[in-house]
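[1] here are the coordinates; sequence isn't available:
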């Protein structure tokens, strides 16, 4: 394996409350679910865990609540081998939670309650400068305040650090304040919300990427689920194909993609190979239930990569 990269994640930490059922209740109706799972999540935390399992050193910059989930989240980071020095506790505030509902096809519906995540501030980013300045890549999402995302993009650009922005959940953005990011990586629905353009096909994704490039984004990667991903830059665009798996739960697949992609880039792999590997890492995560619990170790991934890469 190439050099071990250092990934810093400035983002969210939640607890996922996942319910599995064949149908969902109507207004005023109470029904019995088939299965329930509780696990640590949040897009930032998920991406940090994916990056660590892929072989990187990882530091987390986040806020958790003073409820029972907060200290447990910090303990989870430490048990995973993630540096939690800059994970603060917000007194009197709940931790972030994400009730998740999964149907028989593995598709999910998620409601995110941000809680303490909404208090992660530019000052917290500045306080974490000793960690961030050593990072190969800084990764962010939209489950924290946008002003903190913008501030971190500026910090990364000023310090010459690669920066990945995953605009999830999608919301209106100031493109000028995101222009310093090296990679802007939405999925289809996020690209649709941010651009105001339909993204239902590869051709739609291409047009969406072209729009984002015109707004000043450097490189765009739109993840397309079972169709792989589209990467676009000033030189044009390309589809990186997906890997076929038997999916049981797609929750966290996008986070698996982002975290692993950051690692593969940090190790010095060419962009196309890094994206191809990230496609496989994300696909493998859908074959198990849960988010962080579904992510594969680097050893497990490399075994699958050797078995599958020759078939591309």
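    Sure thing, it's come through. Values in this document were obtained by computation on a predicted structure and should not be read as measured data.

[2] what's the nearest residue to residue 5 if we skip its chain neighbours?
    Spatial nearest neighbour of residue 5, excluding adjacent residues (CB to CB, 6 or more residues apart in numbering): residue 266 at 2.7 Å. Every C-beta, even on glycine, is put in place using the N, C-alpha and C of the backbone.

[3] how much space separates the one you found from residue 137?
    From residue 266 across to residue 137, the span is 5 Å (CB to CB, to the nearest Å).

[4] so what sits against both of those two?
    Residues within reach of residue 266 and of residue 137 at once, by CB atoms under 8 Å, 6 or more residues apart in numbering, are 5, 7, 162.

[5] isn't the residue nearest to residue 5 right up against residue 55?
    No: using CB atoms under 8 Å, residue 266 is not in contact with residue 55; the gap is 9.5 Å.

[6] of those two, which one has the most company?
    residue 266 (24 against 21; other CB atoms under 10 Å).

[7] what about that one, distance to residue 247?
    27 Å.

[8] what touches both of residue 266 and residue 55?
    residue 5.

[9] any idea of the pLDDT on the closest residue to residue 293 other than its chain neighbours?
    Distance criterion CB to CB, 6+ apart; nearest residue to residue 293, sequence neighbours excluded, is residue 39 at 5.6 Å. Among the per-residue scores, residue 39 shows a pLDDT of 86.

[10] need the contact partners of the host helix or strand of residue 39.
    For residue 39, the element it lies in under DSSP states H and E is strand 35-41. Residues outside strand 35-41 that contact it (CB under 8 Å, 6+ apart): 13-21, 49, 72-73, 76, 98, 252, 289-293.

[11] ok, of these, which come out buried?
    The neighbour-count test (16 or more other CB atoms under 10 Å) marks 13-18, 20-21, 49, 73, 76, 98, 252, 289-293 as buried among the contacts of strand 35-41.

[12] what's the separation between the residue nearest the centre of the chain and residue 278?
    Nearest residue to the geometric centre of the chain (CA atoms, centre = their mean): residue 255, 3.1 Å. To residue 278, residue 255 is 11 Å away according to CB to CB.
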